[in-house]
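Undergrad: sequence first, predicted coordinates after that:
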Amino acid sequence: MKPGVEVLADMPGTGSPVERHGWYDVRLQMWLSRGDPVRWTEPWGLTDRTRLEDEGTTLLTTLRVDRVFMFSGLFYGVEGMRVGGRRRLRIAPHLAYREAGIPGVIPSNALLTVEIEVVSERAT
């Protein structure tokens, strides 16, 4: 695993391995270092394939496993996962949203805990 990404929990899936440049339906939750959930004000990802649940704390979306659709820590964190798997990661600020953060959502230089579940593979 890349320095700055720590696997806190790993529940392996039984489906096919997650591949770079593949498209997947995922469920994503994030927390700030003090345990406060990240609450999205609007979903991000492919507009017709994304929605928020749990008062904005859970994002269900389709994304491509690459450095364009994913921030670096998440990109490195899904390495070795399988469809149906869930992983909880601690991601250092330099591999997340850095100094910029996301105004009103993620503060500057935030250490994140991220839980990602690869729900299914999606044909493009």
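TA: Perfect, thanks for sending it. As the structure is a computational prediction, the values presented were derived from the model and not from experiment.
Undergrad: next one: I102 from W40, what distance?
TA: Note on I102: its distance to W40, by Cβ to Cβ, to the nearest Å, is 9 Å. For the C-beta atoms, the positions are set from N, CA and C on the backbone; glycine is no exception.
Undergrad: residues in contact with A123?
TA: Going by Cβ atoms under 8 Å, 6 or more residues apart in numbering, A123 touches W23.
Undergrad: R27 belongs to a helix, doesn't it?
TA: No - under DSSP: H, G, I helix; E, B strand; the rest coil, R27 falls outside any helix and is assigned strand.
Undergrad: quick check: closest non-adjacent residue to it.
TA: In this structure, R27 finds its nearest non-sequential neighbour in E117, 4.3 Å apart by Cβ to Cβ, 6 or more residues apart in numbering.
Undergrad: how about L59?
TA: Nearest to L59 is L28, by Cβ to Cβ, 6+ apart, at 4.6 Å.
Undergrad: equivalent analysis for R67, please.
TA: In space, R67 is closest to F75, 5.6 Å off (Cβ to Cβ, 6+ apart).
Undergrad: check which helix or strand covers the one you found.
TA: Assigned by DSSP states H and E, F75 falls within helix 72-77.
Undergrad: so how far is that helix from its chain's centroid?
TA: What separates the centre of helix 72-77 from the centre of its chain is 8 Å, taken as Cα atoms, centre = their mean, to the nearest Å.
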